[in-house]
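S.K.: pasting the structure only:
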């Protein structure tokens, strides 16, 4: 049975339980965890309630959006076939979607929680038996919110939100990571080319 508009406010509130909105604030204390982050593995997932009849969204398309945006910033993206040593962070874009119906029960609306997490290995300040230091993988930067609308705009709304979440992450990443210097361009002299006294001829190669 679809959720009705009579209970939509309860649905939205329940989706927001546990959501951390601090990454969306201008003074974002999580940004420092992104310093030096230059390699990631990308992950995308859309979880839809069993009773929903919403058109499926290609998770591969969301992952490609994420990977392409990272590469444009100079961040290395690990491929599925790459051997992973655990040093790379994982950037995950996750949606949890429910449908909502009108008084007749017809599916007319949707609501979704939207979260982008950057998870990394972190050190736990305690020692395990034998003097070993404890580590775990945990989200160090998160941006979460709610997406809602009519079922006809479901796919477009999710894809637009994905762009917004990715842009928010990259804004935070840029704020703590200086751009890599451009590769130096070699001059013709450094390449061994010198100008010819014959202005109508091509440059002469200098051995």
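M.R.: Received the coordinates, thanks. Being a predicted model, the structure only gives us computed values, none of them experimental. Numbers count the residues shown, from 1 in each chain.
S.K.: Quick check: the nearest residue to residue 109 once chain neighbours are set aside vs residue 37, distance?
M.R.: Leaving aside its chain neighbours, residue 109 sits nearest to residue 100 (4.1 Å; criterion: Cβ to Cβ, 6 or more residues apart in numbering). Every residue, glycine included, has its C-beta placed from N, CA and C. Distance, residue 100 to residue 37, using Cβ to Cβ, to the nearest Å: 37 Å.
S.K.: Among the two, which residue is more densely surrounded?
M.R.: Neighbour totals were compared for residue 100 and residue 37, and residue 100 leads with 22 against 19 (other Cβ atoms under 10 Å).
S.K.: related to what we said a few turns ago, specify the local secondary structure of the residue nearest to residue 109.
M.R.: Of the three states, residue 100 takes strand according to DSSP: H, G, I helix; E, B strand; the rest coil.
S.K.: in the sheet, who's paired with it?
M.R.: Following DSSP bridges, residue 100 is listed with bridge partners residue 3, residue 109.
S.K.: go on, residue 138?
M.R.: residue 120.
S.K.: Return the residues in contact with it.
M.R.: Residues near residue 138 by Cβ atoms under 8 Å, 6 or more residues apart in numbering: 119, 120, 122.
S.K.: can you redo those residues as JSON lines with neighbour count?
M.R.: Shown next, in JSON lines, are the contacts of residue 138 (neighbours: other Cβ atoms under 10 Å):
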{"residue": "119", "neighbour count": "19"}
{"residue": "120", "neighbour count": "20"}
{"residue": "122", "neighbour count": "14"}
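S.K.: could those residues go into a markdown table alongside distance to residue 165?
M.R.: Listed next are the contacts of residue 138 as a markdown table, based on distance: Cβ to Cβ, whole Å:
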| residue | distance to residue 165 |
| --- | --- |
| 119 | 15 |
| 120 | 18 |
| 122 | 22 |
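S.K.: Include pLDDT when you put those into a markdown table, please.
M.R.: Shown next, in a markdown table, are the contacts of residue 138 (pLDDT from 0 to 100):
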| residue | pLDDT |
| --- | --- |
| 119 | 93 |
| 120 | 90 |
| 122 | 81 |
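S.K.: Number of residues surrounding residue 98?
M.R.: 24.
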